[in-house]
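need the 3D shape of this:
(chains A and B)
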Amino acid sequence: MSTEAAADFLQAAQLVDIQGVKLELIKKGQGTPLLFLHGMDGVEGCSRIIDLLARDFTVYAPSHPGFGASELPRAYSTIDDLAYFYLDLLEHFDLRNVTVVGFSLGGWIAAEMLVKDASRVSRLVLGAPLGLRTAERRKSQVTDLFTLDPKEVDATLQVTPTTKSPNPGALPEPVLERIARNAEAVCLFGWSPYLYNPKLHLRLHRIKAPTVLLWGEDDRLAPLEYAKSFTAKLKQAQLETLPACGHRIYVDSPDVAASRIVHFATLAKAS
Amino acid sequence: MKVWQFSEQAYHPAFDVPGSMRVTLSSRHCDPAVAHTLLNRYLDEYVLADELGYNIMVNEHHAAATCMSTSCMTTLAILARQTRQARLLALGIPIANRSNPIRVAEEIAMVDVLSGGRLEVGMVKGAAYEVFMSNRLPARFNDRFWEAHELIVEALRNTGDNFSWDSENYQYRAISLWPRPLQQPAPPIWMTSSSAFSSIEHAKYDYTCATFLSGAVARSVFDGYRKAYLEAHGRPAPDKRLAYLGVVAVAGDRKSAYERAEHMKAYFTTAARLEAQFRNPPGFNPVKANVKMMQAGPNAVRPRLRNGAPLPSDATIDQYIDAGLMFVGTPDDVFQQLGQFYSDVGGFGNLLMMGQAGTLSHEDTVDNLTLFAKQVMPRLQELSMDAPEVRYEAFA
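Residues are numbered from 1 along each chain as shown, chains lettered A, B, ... in the order given. Next comes the predicted model:
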């Protein structure tokens, strides 16, 4: 996405106060409520799919605390903190019958929310979620982004050629600040254990909402094996893979993913 | 002027291995028998430095061919027994990378007692890439540094009952140092800085502030320290609270000195060999600093020549001298260069001297240390004669 397009997209953001935390929130569209939880590159990275979903849902797309322009409370240090925070958000707006959609890191947050309290949620879509064990002894299953050559990060996460400038220093300062905040927040929540909660696998069975897992067949961050273990731990989940798609499903296949989410939500409503 | 001999204790035979010298360099390139010879050689040079009237500084790094000292306190525990006069400086212990600050305090106390109270302790943030080995969280690193510092100081200075501790990252039921430090209330504390801003806290605590190979930046570090010190304590900062680290190559004639300097230059060229992703892990620096770094690009952190241009990566010895990173030549040359630098930065009381660096041989190191001790060190006393506040005003 170009810098101008990102700036336009973020124009719609408002700052809301939830339990004393100033949250950057994009709320758009019409229909039943959908909570959209972005991945590691911030809410701006998901602009395309958010716009698509807004045709059928009232989309609540926040920047996670610590990301974008959202405040990071000093006491926050784990994905649990974000999960409880988003349960507060659902109460704050008194949302019911919510479709929760989370990609990557956001999928992890969504899973952590629902193992705690799913009373306001009717459907769950996890797009290449993280949060399950990423390595065992000497064997790593999920690529370590922190030790990757920065020039290779985009190519690892998406199939679509990157549109990022090779010279980020020339970007406007507010954009650089978001890049720096997003990177720092990923580090805070995902440095070690690397992008997982060692307890999550014991709790995933608590998610009883109908769940769809979407996974890119060319996901070079978390392979299909990882997707299969995730699916196996959930009660009512089906795994669907997307061809020619990497970890950033919202970049590589936003249209396919959006229509799949709409279809799933409609079916669940009918049943 | 106090002079402190320092060597990174490199495993220089690995310098020929292509690629990074840190983090990713496989340890299969380390022949432990060669490491045995080298480490003992460097310790011999430290013992010689003690005999020649130097004080001693050691550091530590991890997963690096450029520095085999993986623990300041292990090295100093040996030197505590093998030296007689030298002050023993750990500069420093990367306390925010350590999981157990009380263990750090225990080692400090033990070496202080062993050495008869000759220990000085640097608590440092350390290089950013060290978090890849310690695996401690890069985010909030600075907060954790000060939290660990507070705990270590409380433990060292405690003369009352045992105490318990509970802070964000550290919890202990019973803290009691056996032995407790010989120097009271604690060994002198040092910290490092590379900006006027980061030296402010060091001044408030009355800690010695060292800046490493920073050239002209040393001026702003020292100015920042002096200003903050005066505000905090109502008196000018003494020179002994300020330290500069540079490479020294001295010989009877210039040609030999430059040959030595070429060997020592390998320190700079190998220390710089590290992949981009390990240089600045997210969160290690504040957001504002990271934004500035992105804007400034890769030349932002390079030392500067006197004309303001960045020091080239393939700089000549003369350029290293010009930038204030190396002091090279005959004893007269080196004294003149040190005097010039001393004036440029407004004075300092400690020269942290890399008397061995890179591939400099044992024989050359012995000669380097001996010649400097006999013909330069005594003359450095001249530099500390003026009252610092007078000289500072004169150069401001």
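
remind me which residues of the stretch 251-396 of chain B are low pLDDT?
B:299-300, B:384-396 (pLDDT under 70).

residues from it in reach of chain A?
Contact residues, the stretch 251-396 of chain B versus chain A (C-beta under 8 Å from any C-beta of the partner chain): B:275-278, B:281-283, B:287-288, B:290-291, B:294-297. In this view, the C-beta of every residue, glycine as well, is placed from N, C-alpha and C.

just the buried subset of these, please.
B:Glu275, B:Gln277, B:Phe278, B:Pro281, B:Pro282, B:Gly283, B:Val287, B:Asn290, B:Val291, B:Met294 (16 or more other C-beta atoms under 10 Å in any protein chain shown).

the second one: what secondary structure?
Per DSSP: H, G, I helix; E, B strand; the rest coil, the secondary structure class of B:Gln277 is helix.

what's near enough to touch it?
A:Phe146, A:Thr147, A:Leu148, A:Asp149, A:Pro150 (C-beta atoms under 8 Å, 6 or more residues apart in numbering or on different chains).

just the residues you listed now: which is nearest A:Val256?
A:Val256 has its nearest neighbour among the contacts of B:Gln277 in A:Leu148, at 26.7 Å by C-beta to C-beta.

for the closest one, give its distance to chain B.
Applying C-beta to the nearest C-beta, to the nearest Å, the value for A:Leu148 to chain B is 6 Å.

ok, back up a step: can I get the buried ones among the residues of the stretch 251-396 of chain B next to chain A in CSV including distance to A:Ala69?
Listed next are these as CSV, based on distance: C-beta to C-beta, whole Å:
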residue, distance to A:Ala69
B:Glu275, 32
B:Gln277, 26
B:Phe278, 29
B:Pro281, 23
B:Pro282, 18
B:Gly283, 18
B:Val287, 12
B:Asn290, 16
B:Val291, 14
B:Met294, 18
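
show me where the stretch 201-350 of chain B has helices.
Using DSSP state H, counting those that start in this stretch, the helices of the stretch 201-350 of chain B run over B:217-233, B:254-271, B:287-296, B:317-322, B:331-345.

is B:Thr370 in a helix, a strand, or coil?
Under three-state DSSP, B:Thr370 comes out as helix.

just checking, it touches B:Leu52?
Yes - between B:Thr370 and B:Leu52 there is a contact at 6.3 Å, judged by C-beta atoms under 8 Å.

so which of those two has more stuff around it?
B:Leu52 (19 against 16; other C-beta atoms under 10 Å in any protein chain shown).

contact partners for the nearest residue to that one once chain neighbours are set aside?
Spatial nearest neighbour of B:Leu52, chain neighbours left out: B:Ala373 (3.8 Å); criterion: C-beta to C-beta, 6 or more residues apart in numbering or on different chains. By C-beta under 8 Å, 6+ apart, the contact set of B:Ala373 is B:Val3, B:Leu52, B:Gly53, B:Tyr54.

now the angle between helix B:331-345 and the helix or strand harbouring B:Ala373, please.
Assigning secondary structure by DSSP states H and E places B:Ala373 in helix B:362-375. For helix B:362-375 against helix B:331-345, the angle by axes from the mean of the first three to the mean of the last three C-alpha atoms, to 10 degrees is 70 degrees.

may I see the buried residues of helix B:362-375?
B:Asp364, B:Thr365, B:Val366, B:Asp367, B:Asn368, B:Leu369, B:Thr370, B:Leu371, B:Phe372, B:Ala373, B:Gln375.

can you put those in TSV and add distance to A:Asp117?
Formatted as TSV, the buried residues of helix B:362-375 follow (distance: C-beta to C-beta, whole Å):
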residue	distance to A:Asp117
B:Asp364	70
B:Thr365	67
B:Val366	71
B:Asp367	74
B:Asn368	69
B:Leu369	69
B:Thr370	74
B:Leu371	75
B:Phe372	70
B:Ala373	72
B:Gln375	77
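
between the residues you listed, which is closest to chain A?
Ranked by distance to chain A (C-beta to the nearest C-beta), the buried residues of helix B:362-375 are led by B:Thr365 at 35.7 Å.

how about that closest one, nearest residue that isn't a chain neighbour?
Spatially, and ignoring its direct neighbours in sequence, B:Thr365 is nearest to B:Gln356 (4.3 Å; C-beta to C-beta, 6+ apart).

report how many residues lie close to the residue nearest to B:Ala64 when sequence neighbours are not counted.
Excluding the flanking residues, the one nearest B:Ala64 by C-beta to C-beta, 6+ apart is B:Arg22, at 4.3 Å. Using other C-beta under 10 Å, B:Arg22 has 23 other residues around it.

quickly note the distance from B:Arg22 to B:Asp16.
16 Å (C-beta to C-beta, to the nearest Å).

likewise B:Ala148?
Distance from B:Ala148 to B:Asp16, by C-beta to C-beta: 38 Å.

more neighbours, these two?
When neighbours are counted by other C-beta under 10 Å, B:Ala148 and B:Asp16 differ, and B:Ala148 comes out ahead with 26 against 7.

and that one, that one's in a helix?
Yes - membership of B:Ala148 in a helix is supported by three-state DSSP.

gap between A:Gly127 and chain B?
Distance from A:Gly127 to chain B, by C-beta to the nearest C-beta: 23 Å.

that residue reaches A:Val101, doesn't it?
Yes - if you go by C-beta under 8 Å, A:Gly127 and A:Val101 touch, sitting 7.2 Å apart.

one step back: centre of the chain to the helix holding B:Ala373, how far?
Its chain's C-alpha centre and that of helix B:362-375 lie 20 Å apart, by C-alpha atoms, centre = their mean, to the nearest Å.

how about whatever helix or strand comes next after that helix as PDB, C-alpha atoms only?
Using DSSP H and E, the helix or strand that follows helix B:362-375 in sequence is helix B:377-380. What follows is helix B:377-380, C-alpha atoms only, in PDB (Å, rounded to 0.1, in the frame of the first residue of the first chain):
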ATOM      1  CA  MET B 377      52.400   7.900  31.200                       C
ATOM      2  CA  PRO B 378      54.600  10.100  33.500                       C
ATOM      3  CA  ARG B 379      54.000  13.100  31.200                       C
ATOM      4  CA  LEU B 380      50.200  12.700  31.300                       C
END
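
what comes up buried for helix B:377-380?
Counting neighbours by 16+ other C-beta under 10 Å, helix B:377-380 gives B:Met377, B:Leu380 as buried.

ok, and the closest non-adjacent residue to the residue sitting nearest the centre point of chain A?
In chain A, the centroid-proximal residue (C-alpha atoms, centre = their mean) is A:Gly106; its distance is 2.5 Å. Distances taken as C-beta to C-beta, 6+ apart place A:Leu37 nearest to A:Gly106, at 3.1 Å, with adjacent residues excluded.

bridge partners for that neighbour, pull those for me.
A:Leu37 has these beta-bridge partners by DSSP bridges: A:Gly102.

sweet, I'm off.
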